[in-house]
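*Asks:* Provide a 3D model corresponding to the input given below.
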Amino acid sequence: MSNISRLHTPASEHFDVLIVGAGISGIDAAHHLKENCADKRFVILENKAAFGGTWRQHTYPGVRSDSDLYTFGYGFKPWSGKPIAGAGEILDYLEEAIEDDSLDQHIRYQHQVQSASWSSEDQCWLIEAQRTDTGEIVHFTADFLWMCQGYYRHEKGYTPQWAGMEEFKGPIVHPQTWPEDLDYKGKRVVVIGSGATAATLIPNMAGDCEHLTMLQRSPTYFWTGENRNELADRLRALGVEENIVHDIVRRDILKVAQDLQSASAQHPEVVKEELLKVIREHLGDDFDMSHFSPSYRPWQQRVAYVPDGDLFESIRSGKVSVVTDNIDRFTDKGILTRSGELLEADIIITATGFDICIMGDIAFDVDGEPVDFGQTFTYRGLMNSGLPNMVSMFGYLRTSWTMRVDLVSDLVCRLLNHMDAIGARSVTPTLLESERDMERLPWIATDDFNPGYLQRSMHLMPKQGSHEPWTFCNDYYIERETLPAVDLDEPQLAYSAGCEKSVLKA
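*Replies:* The predicted structure is shown next:
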């Protein structure tokens, strides 16, 4: 039986909007729907047993945000805690957001979406999901599909395969799937990697380990300072209301970040020296700063924040050492580096990044034709050419993820209301005849932003075109002006009143 013919099965429930994922993006999308599209009936399908996404998945020691919660938090919900927060604090914040909007009644937990099929005849999506608690297959239909599932596989992280891994006698652990019973007290531990995850794990483990080694192939940029916001503290001392404190501090942080990113592009060596100067204050003049001196310019990869310099204080204490080298092979005793040094270990942790998946590895088709997202063009980084009534969330890479989620949610609600106003049942980003031979460019230009997790998966990502609207800007300071001004009647948006696919305009 075809996907299309199943649209009318009695077992399906119908919704105006179906959101996939109850993490930070899905909760944001639901809030905007309730606020701006109050007549829309919606549901959120979440594969876990509870909300939170990333903050539910990651349970390694000290798991915390690597950007401030004034911008990582929602624009509509003030943050009043420390700027850098732990997973527990973030989950509490998300739970409050769910309670504030009574969203729990809209969430179906333990629903793993398997496939999504669009029917032009019925002008809606058929979504097939499996109950992870019972194994039951369930169906939903929806006029509009909103993908908030995240961008990486939650069930496993990315771990390169090195020679000799099977010889190592101890556990090899990826932080994304941290075992509850992992005992590292009094053990020698090697952490492979030096990104935000490693920078969080290491100071939170070091006190219990015999010794911990951070093994990095190449250095990473960090910046550090006290885990407090001086401006927020002053405003609160003056009795300013929390929502106003949140807004002012958010604006201030964004302005400072904009200035830093601009300076990094124009004067990279000056910014690099300023970043290293602060780290040197923690580590002392005798420390070999080449371990924190990347070959790329600042902000060509994300710059993680180290609150209170805890990573550097752990190194200075002698409990942690840093080795910059390539791995030759694993041995029964640990890791042999290319330079010939044996790093003995009882436990090896591979903080080596995410394994990106496209649209949650869900099988998509349009009228029975499978969708290859790597062959589509992105429409403003939120829709795809040829796919009707579907938006996917992808946040910023330099600015906090949620800053884009807020902007996109505003635009989607405006689009839904516009469709109602002109009597459209579907909208499809469609290349004009003159754009058919447009150059296909990567999702992200690697000379602008080049972390490994993106480079490994770029061929799977939608393509950019040579001009708007077939681009993904990935710059908050531009998009905060351009996304609210998007013309919803531009010719690349094809509206239809039904299966005749007539194009509607206001």
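*Asks:* What is the neighbour count of residue 237?
*Replies:* Neighbour count for residue 237, taken as other CB atoms under 10 Å: 8. To be clear about C-beta, it is placed using only N, CA and C from the backbone, and glycine gets the same treatment.
*Asks:* Residue ranges in the stretch 401-506 of the chain under the pLDDT threshold?
*Replies:* 446-455, 499-506 (pLDDT under 70).
*Asks:* tell me the domain ranges of the protein?
*Replies:* Annotated domains of the chain cover 4-154+355-432+459-496, 165-350 [automatic domain parsing].
*Asks:* Show me what the mean pLDDT comes to for the shortest one.
*Replies:* In other words, domain 165-350. The average pLDDT for domain 165-350 rounds to 95.
*Asks:* and residue 139, that's in a strand?
*Replies:* Yes - membership of residue 139 in a strand is supported by DSSP: H, G, I helix; E, B strand; the rest coil.
*Asks:* all numbers from here: first residue = 29
*Replies:* That works, and once the first residue is 29, the last one we named lands at residue 167.
*Asks:* Quick check: closest non-adjacent residue to it.
*Replies:* Distances taken as CB to CB, 6 or more residues apart in numbering put residue 40 closest to residue 167, at 4.1 Å, once the chain neighbours are dropped.
*Asks:* swap in residue 516?
*Replies:* In space, and not counting its chain neighbours, residue 516 is closest to residue 446: 4.7 Å by CB to CB, 6+ apart.
*Asks:* And the host helix or strand of the one you found, how far out from the chain middle?
*Replies:* Here residue 446 sits within helix 429-450, counting by DSSP states H and E. The chain centre lies 19 Å from the centre of helix 429-450; the measure is CA atoms, centre = their mean, to the nearest Å.
*Asks:* Strands along the stretch 229-378 of the chain, start to end?
*Replies:* Taking DSSP state E, counting those that start in this stretch as the criterion, the stretch 229-378 of the chain contains strands spanning 239-244, 250-253, 332-335, 348-352, 355-358, 362-365, 370-372, 375-378.
*Asks:* Pull the contacting residues for the residue nearest to residue 128 when sequence neighbours are not counted.
*Replies:* Leaving out its chain neighbours, the residue that sits closest to residue 128 by CB to CB, 6+ apart is residue 105, at 7.0 Å. Going by CB atoms under 8 Å, 6 or more residues apart in numbering, residue 105 touches 121, 124, 125, 128.
*Asks:* Just the buried ones from those residues, in PyMOL syntax?
*Replies:* In PyMOL, a selection of the buried entries from these looks like this (16 or more other CB atoms under 10 Å):
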select buried, resi 121+125
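*Asks:* Once you drop chain neighbours, what's closest to residue 345?
*Replies:* Excluding the flanking residues, the one nearest residue 345 by CB to CB, 6+ apart is residue 234, at 7.4 Å.
*Asks:* quick one: the one you found from residue 315, how far?
*Replies:* Distance, residue 234 to residue 315, by CB to CB, to the nearest Å: 16 Å.
*Asks:* and these two? which has more neighbours close in?
*Replies:* Just comparing residue 234 and residue 315: by other CB under 10 Å the higher neighbour count belongs to residue 234, 22 against 16.
*Asks:* list the contacts for the more buried one?
*Replies:* Contacts here follow CB under 8 Å, 6+ apart; on that basis residue 234 touches 240, 342, 345, 347, 348.
*Asks:* okay, among these, which ones form the most distant pair?
*Replies:* Within these, 240 and 345 form the most distant pair, 10.7 Å apart (CB to CB).
*Asks:* ok, those two, which is more surrounded?
*Replies:* Counted by other CB under 10 Å, residue 240 and residue 345 do not tie: residue 240 has more neighbours, with 26 against 11.
*Asks:* That one bridge partners, please.
*Replies:* Note on residue 240: beta-bridge partners by DSSP bridges are residue 217, residue 348.
*Asks:* Let me know the secondary structure of residue 124.
*Replies:* Classification of residue 124 by three-state DSSP places it in helix.
*Asks:* Next up, identify which helix or strand the nearest residue to it once chain neighbours are set aside is on.
*Replies:* Spatial nearest neighbour of residue 124, excluding adjacent residues (CB to CB, 6+ apart): residue 105 at 7.3 Å. Under DSSP H and E, no helix or strand contains residue 105.
*Asks:* From residue 271, how far out is residue 105?
*Replies:* As for residue 105, its distance to residue 271 is 9 Å (criterion: CB to CB).
*Asks:* Would you pull up how far the longest helix belonging to the chain lies from the middle of the chain?
*Replies:* In the chain, with assignment by DSSP state H, the single longest helix is helix 270-294. Chain-centre distance of helix 270-294: 20 Å, with CA atoms, centre = their mean.
*Asks:* got it, and stretch 176-186?
*Replies:* The chain centre lies 9 Å from the centre of stretch 176-186; the measure is CA atoms, centre = their mean.
*Asks:* average pLDDT across it?
*Replies:* 88.
*Asks:* now the strands: where do they sit in the stretch 429-534 of the chain?
*Replies:* For the stretch 429-534 of the chain, the strands defined by DSSP E, counting those that start in this stretch occupy 454-457, 521-524.
*Asks:* For the last one, list every residue counted as buried.
*Replies:* If you call a residue buried by 16+ other CB under 10 Å, then strand 521-524 has these buried ones: 521, 522, 523, 524.
*Asks:* Now distance to residue 473 too, for the domains of the chain, in CSV please.
*Replies:* Formatted as CSV, the domains of the chain follow (distance: least, CB to CB, whole Å):
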stretch, distance to residue 473
domain 32-182+383-460+487-524, 9
domain 193-378, 11
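*Asks:* most tightly surrounded among the ones you listed?
*Replies:* Highest mean neighbour count of those: domain 32-182+383-460+487-524, a mean of 19 (counted as mean count of other CB atoms under 10 Å).
*Asks:* angle of the helix holding residue 446 against helix 270-294?
*Replies:* 110 degrees (axes from the mean of the first three to the mean of the last three CA atoms, to 10 degrees).
*Asks:* give me the element residue 419 is part of.
*Replies:* Assigned by DSSP H and E, residue 419 belongs to strand 418-420.
*Asks:* who touches that strand?
*Replies:* Residues from elsewhere that reach strand 418-420 (CB under 8 Å, 6+ apart): 144, 146, 153, 172-176, 387, 410-412, 436, 440.
*Asks:* again with stretch 187-197
*Replies:* By CB under 8 Å, 6+ apart, the residues outside stretch 187-197 that reach it are 200, 202, 355-362, 364, 373, 376, 378, 380.
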